[in-house]
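# what's the 3D shape of this:
(one chain, ligands or ions: 1)
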Amino acid sequence: MPATIICIGMAGSGKTTFVQRLNSHLHQKKTPPYVINLDPAVLKVPFGCNIDIRDSINYKKVMEDYNLGPNGAIVTSLNLFSTKIDQVLSIVKKRSDSFKHCVVDTPGQIECFVWSASGSIITESFATEFPTVIAYIIDTPRSANPSTFMSNMLYACSILYKTKLPMIVVFNKTDVRDAQFAKDWMTDFEAFQDSLRSNAELNDETSNGSGYMASLINSMSLMLEEFYSTLDVVSCSAYTGEGFDDFLKAVDDKVDEYNDFYQKERDRIVQEKKDKEKKDKDAQLTHLMKDLGLKDKKKAASGAADKDEVDVLSDLEDEIERDEKAGYEHGLIDLEDSEREYTFQEDRTGEVRDEEDASEVAKSIQQRYQQAFESTAKTASSSVAEDIAKYINGA
Ligand SMILES: Nc1nc2c(ncn2[C@@H]2O[C@H](COP(=O)(O)OP(=O)(O)OP(=O)(O)O)[C@@H](O)[C@H]2O)c(=O)[nH]1
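This next block holds a predicted model:
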């Protein structure tokens, strides 16, 4: 499956220029990527994109129609776009044989994408279909100050934990300033402390690193040590093209990591969600059964074995399936008669009608339900029950 690279970064960090360079770099390597622009407010996109949010959403009209400011309009445009994300994904999937990378450029206002519901929906949707990597773009010259560096790192940290996707930190604009200082700060705690102490903005002449800001940043850097260890760091220049091979290598590594670790974690979360949904559904069905007057079999046929209990519809289905299977095996049920309809017994007296022997119940449950259906078919409420049963059966 092609890797999806979602480029996120603070305003002006060089995301668009980075995507442009990555696009041309991959074209040079004869592996053109699939490019998606998700920035509705950009006037001109300097690369050819396969999907552009601006083709389907008019940002200025959104501002007028909904009476919004620029950021509100970006969020609303993304919301509108995310309602069609299934269509977008199916288009990308259809083309997925023809490219190895899908590159996504996001809006300049980082919070519009990262902290909005639509941003999560879009990221999640890609992550469920393709191995997805976050490229967090940092403006290197502007991060030379320890406090700016720390703000950037905290943001990266929050994005990592929010998206739960592998992340590559990209120090961009290295043609202006080399990123070695930042790499040192991430690997050598002492080096960062020294820079803190010697930073004129954070310290007056006498405090020597004990000012409030300096000690706050100091504590944060301690906290972020573990976070740094989970990251791949790459330095590059979108202007000169330097460092893009390293970036692609980091993407390959992160895709492996995604398949080994993140994918399993995602599957586990999805499974957990499904289990919870099933549990809720079963609970609702139990309530429904109660409302329709079907009581617990245990009370009706006291002393009956536990396996004969019919608590919820799904149990009924299981039992009927089991009976049918046994019927087919013994040639008792004709395959052509196998279509069945579920229905409920109507209980006018408020008691369960069935007081047969529990073992017989298990054997002839299909027959009983058929009889119950016929005996109550004339009443209006039975057709309601039948409708409900059909709905549940179809769900
Ligand atoms: N020197 C240098 N400048 C760069 C580099 N990459 C981008 N820039 C400049 O940085 C500025 C911002 O670049 P963009 O690509 O528009 O940044 P962006 O993050 O997409 O901007 P928004 O989406 O508006 O937030 C532009 O003036 C670019 O020319 C680089 O590698 N080196």
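# Next up, the contacts around the closest residue to the ligand within the stretch 101-250 of the chain.
For the stretch 101-250 of the chain and the ligand, the shortest gap (C-beta to the nearest ligand atom) falls at residue 108, measuring 2.2 Å. From N, CA and C alone the C-beta is placed, and that goes for glycine too. For residue 108, the contacting residues are 11, 12, 15, 39, 41, 42, by C-beta atoms under 8 Å, 6 or more residues apart in numbering.
# Apply 6 Å and report the result again.
residue 11 (C-beta atoms under 6 Å, 6 or more residues apart in numbering).
# ditto for residue 63
Taking C-beta under 6 Å, 6+ apart, one finds residue 73 in contact with residue 63.
# next helix or strand past the helix or strand encompassing it?
According to DSSP states H and E, residue 63 maps onto helix 59-66. Going down the chain from helix 59-66, the next helix or strand is helix 70-82, by DSSP H and E.
# tell me which residues of that next one are tucked away?
73, 74, 75, 76, 77, 78, 79, 81, 82 (16 or more other C-beta atoms under 10 Å).
# what's the very next helix or strand once past that helix packed up against?
The helix or strand immediately downstream of helix 70-82 is helix 85-95, counting by DSSP H and E. Helix 85-95 sits against helix 117-129, with contacts defined as 3 or more C-beta pairs under 6 Å, 6 or more residues apart in numbering; DSSP states H and E.
# follow-up on the earlier one: specify which member of the buried residues of helix 70-82 is nearest to residue 282.
Taking C-beta to C-beta as the measure, residue 282 lies nearest residue 82 of the buried residues of helix 70-82, at 31.0 Å.
# Please report the distance of that closest one from residue 56.
11 Å (C-beta to C-beta, to the nearest Å).
# low pLDDT regions in the stretch 151-300 of the chain?
Counting by pLDDT under 70, the ranges of the stretch 151-300 of the chain that qualify are 200-211, 294-300.
# Tell me where it has strands.
For the stretch 151-300 of the chain, the strands defined by DSSP state E, counting those that start in this stretch cover 167-172, 232-235.
# Would you tell me which one of the ones you listed is buried the most?
Here the criterion is mean neighbour count by mean count of other C-beta atoms under 10 Å, and of these the winner is strand 167-172, at a mean of 25.
# ok, residues contacting it?
By C-beta under 6 Å, 6+ apart, strand 167-172 touches 14, 18, 134-138, 140, 160, 179, 182, 231-235, 238, 250.
# Now residue 242: closest residue in space, sequence neighbours ignored.
Closest residue to residue 242 apart from its sequence neighbours, by C-beta to C-beta, 6 or more residues apart in numbering: residue 236 at 5.9 Å.
# my bad, residue 86
Closest to residue 86 by C-beta to C-beta, 6+ apart is residue 125, at 7.5 Å.
# Was I right to think that neighbour contacts residue 83?
No - counting by C-beta atoms under 6 Å, residue 125 does not reach residue 83; the two are 11.5 Å apart.
# So the two - more neighbours on which side?
residue 125 (17 against 10; other C-beta atoms under 10 Å).
# Next one: that one from residue 277, what distance?
Residue 125 is 19 Å from residue 277, by C-beta to C-beta.
# and if you look at residue 12?
For residue 12, the distance to residue 277 - C-beta to C-beta - is 43 Å.
# What of residue 100?
According to C-beta to C-beta, residue 100 and residue 277 sit 35 Å apart.
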